[in-house]
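In: Have a look at this prediction, sequence included:
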Amino acid sequence: DALAARTRRAAVVWDPHPRGGPPVPGVRLATPNRAEACGFAPEVGGHELAADARRAALLAQRWRAGAVAVTLGAGGALLGRGADSPMLIPAPYAAPGDPCGAGDCFAATTAAALADGRIAEEAVERAVLAAADFVAAGGVSAARTWTDDSAGDDEIPSSAQELAASVRARGGTVVATGGCFDLLHAGHVGLLESARRLGDCLVVCLNSDDSVRRLKGAGRPLNSATDRARVLLGLGCVDAVAVFDEDTPEAVLRTLRPHLWVKGGDYTAAGLPEAAALAEWGGDALVLPYLDGHSTSALARRAALATEATPP
């Protein structure tokens with residue numbers, strides 16, 4: 001009764017269990033796994049995605065839930081809203097490991113995202129990524145699962161720092177590059193692909209939104225740091241992204257300590273402002289060829305002209 005009353009005032013996430021009861025009416029999101037969904041909707045046969053979609057729609061109606069997300073393990077999650085078309089949110093990458101606890105991670109992440117004002121689609125997308133990261137990092141057996149490091153004040157994501165340290169420890173070469181990467185274009189991609197071929201990992205040091213505004217002026221960035229990082233991480237040549245808030249990446253470079261710092265365009269290696277910092281640990285600065293005629297500013301101008309020329 002208390003939970004049923006709560007659904008009228010807050011977003012409730014219900015993670016059903018085969019030996020438990022159905023969700024109370026009005027929950028914002030229910031998160032059964034495929035086996036649990038099959039048990040709650042035995043009249044729907046099959047284990048293909050189409051069957052998962054039918055089960056999600058049926059359960060959303062039967063439970064009077066805002067949505068039902070059927071978790072599919074390595075396949076991600078399928079979000080159903082009754083009569084509406086289902087949405088498949090695939091896992092971002094294959095995460096081998098013990099999946100124990102991944103369902104709890106998924107449910108907790110969706111609850112936090114909904115509490116943060118996200119819609120169900122965004123919450124499930126975040127949860128799929130969080131569950132994959134949880135399994136890939138070792139799941140319940142990982143020490144960091146049981147360690148509260150929320151008080152840490154690192155300027156870069158631990159994944160970038162840990163990646164660089166791991167590559168160095170096994171004798172590999174850490175390559176880093178940096179920039180705003182506001183509108184990713186062919187020049188950027190060519191530079192990043194060339195940089196990755198120089199070593200065993202590539203970390204992109206990305207200017208924060210405030211840093212871009214100071215460097216580029218009003219109206220920039222066109223895309224937030226979160227979106228820019230996501231686009232970069234979607235490239236196979238980028239292994240990690242480290243966001244920094246200063247005008248130059250020297251502070252973050254001192255944390256990453258890359259063997260190579262790569263830039264493209266009209267630079268000289270000795271003239272790079274980061275060269276002095278790299279010399280502190282024996283790193284080298286390199287300049288790579290840059291695809292001429294490509295720039296974010298030129299791309300933005302062409303887009304603005306095209307918009308002005310388009311009739312209302």
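Out: Right, received. Where do you want to start?

In: switch to C-alpha atoms for all contacts and neighbour counts from now on
Out: Fine.

In: Low-confidence stretches in the stretch 1-150 of the chain?
Out: Residue ranges of the stretch 1-150 of the chain with pLDDT under 70: 84, 143-150.

In: Mind listing what's buried along the longest helix anywhere in the chain?
Out: Determined from DSSP state H, the single longest helix within the chain is helix 120-136. Residues 120-121, 123-136 are the ones in helix 120-136 that count as buried (16 or more other C-alpha atoms under 10 Å).

In: From the contact counts, what lies against that helix?
Out: Helices and strands touching helix 120-136, by 3 or more C-alpha pairs under 8 Å, 6 or more residues apart in numbering; DSSP states H and E, are strand 77-80, strand 87-89, helix 102-115.

In: Let me see the residues that make contact with stretch 28-45.
Out: With contact meaning C-alpha atoms under 8 Å, 6 or more residues apart in numbering, stretch 28-45 is reached by 7, 11-18, 23, 51-52, 54-56, 58-59, 65-73, 103, 107, 120.

In: for stretch 276-284, same thing?
Out: Residues outside stretch 276-284 that contact it (C-alpha under 8 Å, 6+ apart): 250, 253-254, 257-261, 275, 285.

In: And the most centrally placed residue in the chain, which helix or strand is it part of?
Out: For the chain, the residue nearest the mean C-alpha position is Arg230 (5.6 Å; C-alpha atoms, centre = their mean). Assigned by DSSP states H and E, Arg230 falls within helix 225-233.

In: helix or strand right after that helix?
Out: For helix 225-233, the succeeding helix or strand toward the C-terminus, using DSSP H and E, is strand 240-244.

In: what separates that following strand from the chain centre, distance-wise?
Out: 12 Å (C-alpha atoms, centre = their mean, to the nearest Å).

In: So which elements touch that strand?
Out: If contacts are counted by 3+ C-alpha pairs under 8 Å, 6+ apart, strand 240-244 sits against helix 158-169, strand 201-207, helix 225-233.

In: Could you double-check that Ala176 lies in contact with Leu198?
Out: No. The criterion here is C-alpha atoms under 8 Å, and Ala176 misses it with Leu198 at 10.1 Å.

In: who's more crowded, those two?
Out: A direct count of neighbours by other C-alpha atoms under 10 Å for Ala176 and Leu198 places Ala176 higher, at 29 against 14.

In: Contact partners for that one?
Out: Contact analysis of Ala176 by C-alpha under 8 Å, 6+ apart lists 195, 202-205, 258, 260-262.

In: before we move on, the earlier item: is it possible to mark the buried ones in the contacts of stretch 28-45?
Out: Buried, going by 16+ other C-alpha under 10 Å: 7, 11-17, 23, 52, 54-56, 58-59, 65-73, 103, 107, 120, out of these.

In: For Arg19, which three-state class applies?
Out: For Arg19, the assignment made with DSSP: H, G, I helix; E, B strand; the rest coil gives coil.
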